[in-house]
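*Asks:* give me a 3D structure for the following:
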Amino acid sequence: MPEPTGFDVTRRYVRVIEHRADGFVEFRFSIGDPSLFVEMMLGESAFDEFCSLNHVELLDPVVQSEHEDDPDVDHEIDDWDWTMRDAVHRRFR
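*Replies:* Alright, predicted model coming up:
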C-alpha cells in the first residue's frame, strides 16, 4: 500500500516546549508530520544527542501564555485539543 502523499517518514521534527530549571528539556517529537507528535523529556545532553542522531528539523518553540500553568485560570480546550502537558498543568471540566 503506497504512503499518503506529503507524508515523508525520513523527516524528523522537534518542537521545544520548555527548558526546565532541573536540566530537562520537554519537547514534541514528530516523524513525517509535525502535527502528529509524542511528548518527550530528556536531560539537556541527551536531548542534544537525540536531535543529532535523528537529524531533526527544529520547529519554532511552543509559546506559552503567562497563565499557562495556573490551574485556577479557566482555559478553553476543545474536547480533542489537548496534550499530556495540558493534563498535568491544567484542570479540565
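*Asks:* would you mark the buried spots in stretch 42-60?
*Replies:* Judged by neighbour count (16 or more other C-beta atoms under 10 Å), stretch 42-60 contains these buried residues: 42, 47, 50-51, 56. Heads up, the C-betas are built off the backbone N, CA and C, glycines and all.
*Asks:* end-to-end on that stretch?
*Replies:* 18 Å (C-alpha to C-alpha, to the nearest Å).
*Asks:* what does it contact?
*Replies:* By C-beta atoms under 8 Å, 6 or more residues apart in numbering, the residues outside stretch 42-60 that reach it are 11-16, 19, 23-25, 27, 29, 34.
*Asks:* out of those residues, who's the most crowded?
*Replies:* Counting neighbours by other C-beta atoms under 10 Å, Phe27 comes out on top of the contacts of stretch 42-60 with 26 neighbours.
*Asks:* given the strand or helix carrying that one, what are its sheet partners and their directions?
*Replies:* If you go by DSSP states H and E, Phe27 is part of strand 24-31. In the sheet, strand 24-31 lines up against strand 12-19 (antiparallel), strand 37-43 (antiparallel) (DSSP bridges).
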